[in-house]
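>>> The following comprises the amino acid sequence and a computationally predicted model.
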There are 2 protein chains.
Amino acid sequence: MNVQRRNDMNNETVSRLMKAAEELFAEFGHENVSLRQLTSRAGVNVAAVNYYFGSKEALTDAVFERLTQEACAYRRQKIAELGEEIEDRRSHLEALVRIFVHPYLGEGNEVSGRLLARFFLRHRLHPTEGTQRITDTYNNPFAHEYIAELKKVCPSLCPKDIFWHYQFMVNTIMISSAEDTSFERIEVLSGGEISTASRAERMEALVRFLVSALSDG
Amino acid sequence: MNVQRRNDMNNETVSRLMKAAEELFAEFGHENVSLRQLTSRAGVNVAAVNYYFGSKEALTDAVFERLTQEACAYRRQKIAELGEEIEDRRSHLEALVRIFVHPYLGEGNEVSGRLLARFFLRHRLHPTEGTQRITDTYNNPFAHEYIAELKKVCPSLCPKDIFWHYQFMVNTIMISSAEDTSFERIEVLSGGEISTASRAERMEALVRFLVSALSDG
DNA sequence: GGCGGATCAAAACAAATGTTTGAAACGCGT
DNA sequence: ACGCGTTTCAAACATTTGTTTTGATCCGCC
């Protein structure tokens, strides 16, 4: 009835709200951002959230949905560009992994990547009707396509393990992308041997880890 | 002053509180458990939490600390039992991985394992003074010892990557242990090909994944 | 110009939370 | 039996949260 009343995209207030939500959610997590912080940052009234979205949760879901949609679309396109011909299995696998990781850790996705990962983790730990719907609509269909591609380049992997390893791969990427401090920990772990690495370095290390895990058997 | 007044372990109310906290936190996450739920379950008064622990956060930290301590102690002992002699690198590595995973997914650790993982994830996403202290006190020192063991059985791994891969390994284990639904997803991913797996099966699949990721290069 | 719906803003609202209070109940040594 | 420190309890408290309400204002249109 009054939920999700008129969240057209071409609306100043709506887009200001979503922009502010993205930034704040990424920095603090949606749990720790009150509507008053959010609307104050967006420069709109507190009531605007409920007026346009119906509830805070609906706004959260809207942000989550947009990011998820974009990530899946990007990856679908990149996989299509990759084509069918498989020259070297290992490098093809690496390309596949890079495509998956890119929306999270790739260049230009600093904010949205972290946010997307946080949303995903929250869905895993505390699924709601909304996040479940988004997962079913976007992530699961894409997951099937992606797993099919994995199968092509990992023939030595037991069929069951394809699913398992896909799951573990996703898990690793999520938490590794969700928070920068999880990467700064590398400095204390190595006793300073590795100084806090650049974003690009982190992604390379993650790709190596995942390729190694998925190849071989 | 009045914080952490008298949380002796040999106290009926205190242990009742911690037991209820463990169960509820594991099921819903500490964020989603109110003091009234908690104390009602424990059969004590609401004020008992503040009386004995000083605050809800202090109680949370106490639970976290105990579990972390136990996990590290267990692993230290098992590593010592493993001894120095390395006959087969691969199986030694596998044993090491199993030792790490056990407090999270091993038999008998159903509740505490999930809880510990949830705490750890929360610390990563939203560190506090308390969780940082616990990490510094227990996890980081143990991490150094464990990484040293890893180095012995992964000589082909570039020294820098030892730290990275350790970090990724921990991440994978955490999120994979934190929620059972992350494992039930395997059923929808495989299109029903794999029915929801037993806890033991999951652990085996995770061990395969990690060993594969850590060996080779 | 004036009507009517869309949009906004300030305030009020209800519910939940962690925390504190003050008094009653208890345990126990003297 | 008394006194005293500790523990327990119900109630109140202060604060924050998301949400709703009530008008005021804007803008297009007959």
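Nice, I can see it. Numbering: from 1, shown residues only, chains lettered A, B, ... in the order given.

>>> Run through the residues of chain A sitting next to DNA strand D.
Applying C-beta under 7 Å from any atom of the strand, we find that chain A lies next to DNA strand D at A:2, A:33-36, A:46-47, A:49-50, A:55-57. For every residue, glycine as well, the C-beta is placed using N, CA and C.

>>> Just send those back as CSV, with pLDDT too.
As requested, the residues of chain A next to DNA strand D are exported to CSV (pLDDT from 0 to 100):
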residue, pLDDT
A:Asn2, 33
A:Val33, 95
A:Ser34, 95
A:Leu35, 95
A:Arg36, 94
A:Val46, 92
A:Ala47, 91
A:Val49, 93
A:Asn50, 93
A:Ser55, 94
A:Lys56, 95
A:Glu57, 95
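
>>> what's the farthest-apart pair in the residues you listed?
A:Asn2 and A:Val33 (22.9 Å; C-beta to C-beta).

>>> that older thread, among the residues of chain A next to DNA strand D, name the ones in helices.
Among the residues of chain A next to DNA strand D, the members falling in helices (DSSP state H) are A:35-36, A:47, A:49-50, A:56-57.

>>> Any of the residues you listed buried? List them.
Among these, the ones that count as buried by 16 or more other C-beta atoms under 10 Å in any protein chain shown are A:35, A:49-50, A:56.

>>> any idea how far A:Ile162 is from DNA strand D?
40 Å (C-beta to the nearest atom of the strand, to the nearest Å).

>>> Next one: that residue from DNA strand C, what distance?
The spacing between A:Ile162 and DNA strand C, counted by C-beta to the nearest atom of the strand, is 42 Å.

>>> So is the helix or strand where that residue lies next to chain B?
Element membership of A:Ile162 [criterion: DSSP states H and E] is helix A:159-178. Yes: on the criterion C-beta under 8 Å from any C-beta of the partner chain, helix A:159-178 is in touch with chain B at A:159-161, A:163-168, A:171-172, A:174-176, A:178.

>>> before we move on, back to that, JSON lines for the buried ones among the ones in helices among the residues of chain A next to DNA strand D, including distance to A:Glu84?
As requested, these are exported to JSON lines (distance: C-beta to C-beta, whole Å):
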{"residue": "A:Leu35", "distance to A:Glu84": "49"}
{"residue": "A:Val49", "distance to A:Glu84": "46"}
{"residue": "A:Asn50", "distance to A:Glu84": "49"}
{"residue": "A:Lys56", "distance to A:Glu84": "45"}
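
>>> Show me which of the residues you listed is closest to chain B.
Proximity of these to chain B was ranked by C-beta to the nearest C-beta; the top entry is A:Lys56 with 15.5 Å.

>>> any idea of the angle the helix or strand that the helix holding A:Ile162 is followed by forms with helix A:159-178?
Using DSSP H and E, the helix or strand that follows helix A:159-178 in sequence is helix A:181-189. Taking axes from the mean of the first three to the mean of the last three C-alpha atoms, to 10 degrees, one finds helix A:181-189 and helix A:159-178 inclined to each other by 90 degrees.

>>> Which positions in helix A:181-189 come out as buried?
So, applying 16+ other C-beta under 10 Å, buried residues of helix A:181-189: A:182-183, A:185-186, A:188-189.

>>> With stretch A:115-135 instead?
Buried-residue list, stretch A:115-135, by 16+ other C-beta under 10 Å: A:115-125, A:130-131, A:134-135.

>>> Around DNA strand C, which positions in chain A sit nearby?
A:6, A:11-13, A:44-48, A:51-52.

>>> Please tell me which one of those residues counts the most neighbours.
A:Tyr52 (21 neighbours; other C-beta atoms under 10 Å in any protein chain shown).

>>> Now do the phi/psi pair for that residue.
phi -90, psi -30 (degrees, to the nearest 10).

>>> Surely it and A:Leu17 touch.
Yes: in this structure A:Tyr52 lies within contact range of A:Leu17 using C-beta atoms under 8 Å: 6.9 Å.

>>> Any figure for the gap between A:Pro159 and DNA strand D?
44 Å.

>>> Contact partners for that residue?
Contacts for A:Pro159 (C-beta atoms under 8 Å, 6 or more residues apart in numbering or on different chains) come out as A:151, B:193.

>>> same deal with the one 3 residues further on?
Counting by C-beta under 8 Å, 6+ apart, A:Ile162 touches A:147, A:150-151, A:154.

>>> Quick one, grab the pLDDT at it.
If you check A:Ile162, the pLDDT there is 94.

>>> same deal with A:Leu24?
pLDDT, read off for A:Leu24, is 94.

>>> A:Val3 now?
36.

>>> neighbour count winner among A:Asn2 and A:Val33?
Of the pair A:Asn2 and A:Val33, A:Val33 is the one with more neighbours under other C-beta under 10 Å, namely 20 against 8.

>>> and the more buried one, what does it touch?
So A:Val33 contacts A:21, A:24-25 (C-beta under 8 Å, 6+ apart).

>>> Show me what the host helix or strand of A:Ala143 packs onto, helices and strands only.
If you go by DSSP H and E, A:Ala143 is part of helix A:140-153. Counting contacts by 3 or more C-beta pairs under 8 Å, 6 or more residues apart in numbering or on different chains; DSSP states H and E, helix A:140-153 packs against helix A:56-82, helix A:89-105, helix A:159-178, helix B:181-189.

>>> pLDDT averaged over it - what is it?
The model assigns helix A:140-153 a mean pLDDT of 94.

>>> do stretch A:92-110 as well
The model assigns stretch A:92-110 a mean pLDDT of 95.

>>> so how far is that stretch off the chain centroid?
Mean-position distance between stretch A:92-110 and its chain equals 11 Å (C-alpha atoms, centre = their mean, to the nearest Å).

>>> which one in the residues of chain A next to DNA strand C is the model shakiest on?
A:Arg6 (49).

>>> For A:Ala47, see how far away A:Phe163 is.
The gap separating A:Phe163 from A:Ala47 is 46 Å, by C-beta to C-beta, to the nearest Å.

>>> What score does the residue in chain A positioned nearest to chain B have for pLDDT?
Closest to chain B within chain A is A:Ala213: 3.4 Å, counting by C-beta to the nearest C-beta. According to the prediction, A:Ala213 has pLDDT 95.

>>> That one touches B:Ala213, doesn't it?
Yes: the pair A:Ala213 / B:Ala213 is scored as a contact, 3.4 Å apart, by C-beta under 8 Å.
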